[in-house]
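[1] With the sequence up front, the predicted model follows.
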Amino acid sequence: MIDEEIDKEEESKEEREKKIFSNLRYDYKKAKDAKSTIDQLINEWNDLYYGKKDSDRPEDSKLIIREIAKQIEWMKPNITEPFTSTSNPIRINCAINSGRARVMEKWSNHQFTQDFDRQTFMEQLTDVLLREGTVWVKTGWEYTENIVEQAFPSMSMEELLVKTEELGEPDELNQNEDGTFSVEWKKTKMLTNRPTGDICRNEHVFPDPSARTDKECRFVIQKSYYTISELKKKNWCSEKQLNKLQSSMGQEREDTALGSVRDADARNYGYDTGYQPKDKARRKIAVLEYWGEYDVNGDGIAEQIVARWAERETIDFGIEENPMPSKSIPFYSEVFSSRPFSLWGNSLAYFLGDSQRVKTGIVRGIMNNMANANNGQKFVTRGALDYVNFKRLRNGDRHIIVNKPDSIVDGSYNQLPQSVFQTLELFTRETQELSGVSSGGPALSQGNTSEDNTQQLTMSQQRMASIVRGIENLLGKIVYEWLLMAKVFLDNSQIEQMFTGDEIVDYMSFESASHSHIKMKIGTDVTRNVRIQQINMLMQQSKVLGESLPPEQISNLVAEMYELYDMYEEARALREYKPEPSQEQLQMQQMELQAKQLELQKMQLENAKLQAEIGQITTQGQLNQADAQATVMYKQAQTAEKYAKAEKQSIDTALKPAEVINQMKQNKGNS
């Protein structure tokens, strides 16, 4: 009976899970269909970037002005430089605890600059953002380990005890016939334990089609390719499912327009879409991962889950709870130019496409004009040369003109109107203003200076700075997710290696900081120069400020200037520096100490005097209280005496008639 109930529960669980995956496949289909339009736009923008010819007329020149590609290549170093040029690019401000902010900042910069390939990451992020208008980044945590085995076939008891203190309790212990021991230790060695950030291919990301903003996005589905070997290591599916995958797997091909075009373009750079290894362990399987909300238990409340299944084969790998500490979807996006109420943005080609087409058309017209010109030809007036000299002219030899000197005219290019070059210049300026790149200098160089000597940014510089701030906002979300994961996944040995002393305490307590308390400040050359100029203006007033501000404020200004010049060690040393007092300061301190001691003694004496006075007052009060009590008792006694006399008098008055009668009786008897 119990076995039947268990079988029914397992059957109902399988049916429920099968229904869930059916619904998730429906979500994937709808999200994929909704993305077809933006995929087509990204294809058009990529065609403009690569300069694909849009006209097949034979009379047209084959020349194409790759204006968009040039602008992107000029923009990339200006955008990536603030993030890759310094060893400490991340600043974190925590309003709750400054010590905790320094600890978080230290770990974040270590991960981003040393344990993370930030150069490649920033190059890819910027490239995708500018070319395709939207970039998606998936955060995660990478953990790999290795089992190290140490076996000793024969060990004495003394050696065993020493080795046990070093390696801990052995995993296998057997005693040999000669009294020795056969011992084996199996220790797990951690190889990597760090956060990750991966740039996603836009054709492989399928967000919630009903979402207009990030907050409305309830799920994100990502397509990834894994080999059979990788699936075995991840333990996502059973051995039975792996065998089914190996028997039915075929050639994996992109089924989206953007993916197909991208693979076709990649063939020119060494990518082979038809390659498939001979062995099955290295063959790739398209796996879909669903990250988002779903009511798995059927209680009407959606939970954050992760579900995986094979795209082409009807194989469901399983459903599990979202392992992220924040229980949020680990996908973050940024757009080059936002579109209202849309998860996708416009690329640089959206703005420069018309300019590239116009410039290409103008330059093609110039080239066609020049190709049809008579440049390099010579025109000879009939009869100007005799046969011999005309033959010499054709052969390039010296010849003699026998008639007029101007009878031979050299051909040249046709004269072009100035409006052609003015139009080219017009579109060139517009391109620079939209992209933020100026041909006269770096995009993030210093701007103009106003009458009050304050720096002003040009529109091109402001546009470039806006792009940098957008990427800065994206990295802020990624680093915040890293911090939450580090609190859970970091090993104790890593924490002790990174932090010391009070830093460990601050690190263990940073979970109370929210995203609103964490700000990233990654300065460009322009913003740094502006800040340096502001500090210089304050330092010029340091003499006046020093009279009203504490010295620490001036030191903080100088330390901040050090940081703006990437002199972080000098800034830290200045903040930690405490100058030794001079002899005069020591004497003043001693005098102040003596004065404080005298003041303390005076206060002690005054306190003792006050205590004595309080004692006297208390004693006098006690005496006064005793006198008052005696007076009350005396008055009470007087009152009692008077009362007794009155009672006696009343009694005597009452007995007086009886005494008179008795006296009269006695007198009468005597007579």
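    Everything's here; your move.
[2] Now stretch 69-85: buried residues?
    Residues of stretch 69-85 classed as buried: 69, 71-72, 74-76, 78-84 (neighbour count, 16 or more other C-beta atoms under 10 Å). All C-beta atoms are positioned from the backbone trio N, CA, C, and that covers glycine.
[3] swap in stretch 283-296?
    283-294, 296.
[4] coming back round to it: any chance of the buried residues of stretch 69-85 in a markdown table, with distance to residue 170 too?
    Output for the buried residues of stretch 69-85, formatted as a markdown table (distance: C-beta to C-beta, whole Å):
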| residue | distance to residue 170 |
| --- | --- |
| 69 | 63 |
| 71 | 65 |
| 72 | 60 |
| 74 | 63 |
| 75 | 61 |
| 76 | 56 |
| 78 | 60 |
| 79 | 56 |
| 80 | 52 |
| 81 | 55 |
| 82 | 54 |
| 83 | 49 |
| 84 | 48 |
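[5] So which of those is the closest to residue 598?
    Nearest to residue 598, judged by C-beta to C-beta, of those is residue 82 at 59.2 Å.
[6] Packing partners of the helix or strand where that closest one lies?
    Assigned by DSSP states H and E, residue 82 falls within helix 67-84. The criterion is 3 or more C-beta pairs under 8 Å, 6 or more residues apart in numbering; DSSP states H and E, and the helices and strands that helix 67-84 contacts are helix 36-50, helix 118-132, helix 348-371, helix 418-435, helix 459-489.
[7] and residue 90, what are its phi and psi?
    The phi/psi pair for residue 90 (degrees, to the nearest 10) reads phi -100, psi 130.
[8] mind listing the strands for this protein?
    Applying DSSP state E to the chain gives strands spanning 134-155, 172-175, 181-200, 205-207, 219-227, 284-294, 303-310, 316-321, 331-335, 378-380, 408-410, 448-449, 455-456.
[9] Which one, of these, ends up nearest to residue 237?
    Of these, nearest to residue 237 by C-beta to C-beta is strand 316-321, at 4.6 Å.
[10] How about residues contacting stretch 288-299?
    Here stretch 288-299 makes contact (C-beta atoms under 8 Å, 6 or more residues apart in numbering) with 16, 20, 23-24, 27-28, 208, 217-224, 301-311, 319, 322, 329-331.
[11] Can you give me the distance of residue 118 to residue 220?
    To residue 220, residue 118 is 24 Å away according to C-beta to C-beta, to the nearest Å.
[12] And these two? Which one has more around it.
    It is residue 220, of residue 118 and residue 220, that has more neighbours when counted by other C-beta atoms under 10 Å, with 23 against 19.
[13] Quick one: residues contacting the more buried one.
    So residue 220 contacts 205, 206, 207, 208, 291, 292, 329, 331 (C-beta under 8 Å, 6+ apart).
[14] Also residue 334?
    Here residue 334 is in contact with 129, 134, 135, 470, 471, 473, 474 (criterion: C-beta under 8 Å, 6+ apart).
[15] Between which two of the residues you listed is the distance greatest?
    Across the contacts of residue 334, no pair lies farther apart than 134 and 473, at 14.2 Å, counting by C-beta to C-beta.
[16] More neighbours: these two, which one.
    residue 134 (23 against 12).
[17] Skip the chain neighbours and tell me the closest residue to residue 23.
    residue 294 (7.8 Å; C-beta to C-beta, 6 or more residues apart in numbering).
[18] for residue 470, same thing?
    Residue 470 sits nearest to residue 334 (C-beta to C-beta, 6+ apart), 5.4 Å away.
[19] so how far is residue 220 from that neighbour?
    For residue 334, the distance to residue 220 equals 15 Å [C-beta to C-beta].
[20] From residue 203, how far out is residue 255?
    10 Å.
[21] again with residue 130
    As judged by C-beta to C-beta, residue 130 and residue 203 stand 17 Å apart.
[22] what does residue 112 give?
    From residue 112 to residue 203 the distance is 28 Å (C-beta to C-beta).
[23] How about residue 129?
    From residue 129 over to residue 203 the distance is 16 Å, taken as C-beta to C-beta.
[24] The two: which has the busier surroundings?
    More neighbours surround residue 129 than the other of residue 129 and residue 203, with 27 against 23 (other C-beta under 10 Å).
[25] contacting residues for the residue found closest to that one once you drop the neighbours it is linked to in the chain?
    Closest residue to residue 129 apart from its sequence neighbours, by C-beta to C-beta, 6+ apart: residue 135 at 4.5 Å. Contact analysis of residue 135 by C-beta under 8 Å, 6+ apart lists 125, 128, 129, 199, 200, 202, 333, 334, 335, 474.
[26] Show the model's pLDDT score for the closest residue to the second one other than its chain neighbours.
    Of all residues beyond its chain neighbours, the one nearest residue 128 is residue 135 (4.5 Å), with distances taken as C-beta to C-beta, 6+ apart. If you check residue 135, the pLDDT there is 96.
[27] could you measure residue 135 against residue 202, distance?
    If you go by C-beta to C-beta, the gap between residue 135 and residue 202 works out to 8 Å.
[28] Find residues that contact each of those two.
    Joint contacts of residue 135 and residue 202 (C-beta under 8 Å, 6+ apart) are residue 128.
[29] distance of the residue nearest to residue 202 when sequence neighbours are not counted from residue 359?
    Nearest residue to residue 202, sequence neighbours excluded (C-beta to C-beta, 6+ apart): residue 132, at 5.6 Å. The gap separating residue 132 from residue 359 is 22 Å, by C-beta to C-beta.
[30] In terms of neighbours, single out the busier of the two.
    Taking other C-beta under 10 Å, residue 132 and residue 359 do not tie; residue 132 has more neighbours (28 against 19).
[31] give the contact list for residue 264.
    Contacts for residue 264 were tallied using C-beta under 8 Å, 6+ apart; they are residue 273.
[32] I meant to write residue 167 there.
    Applying C-beta under 8 Å, 6+ apart to residue 167 gives the contacts 150, 185, 187.
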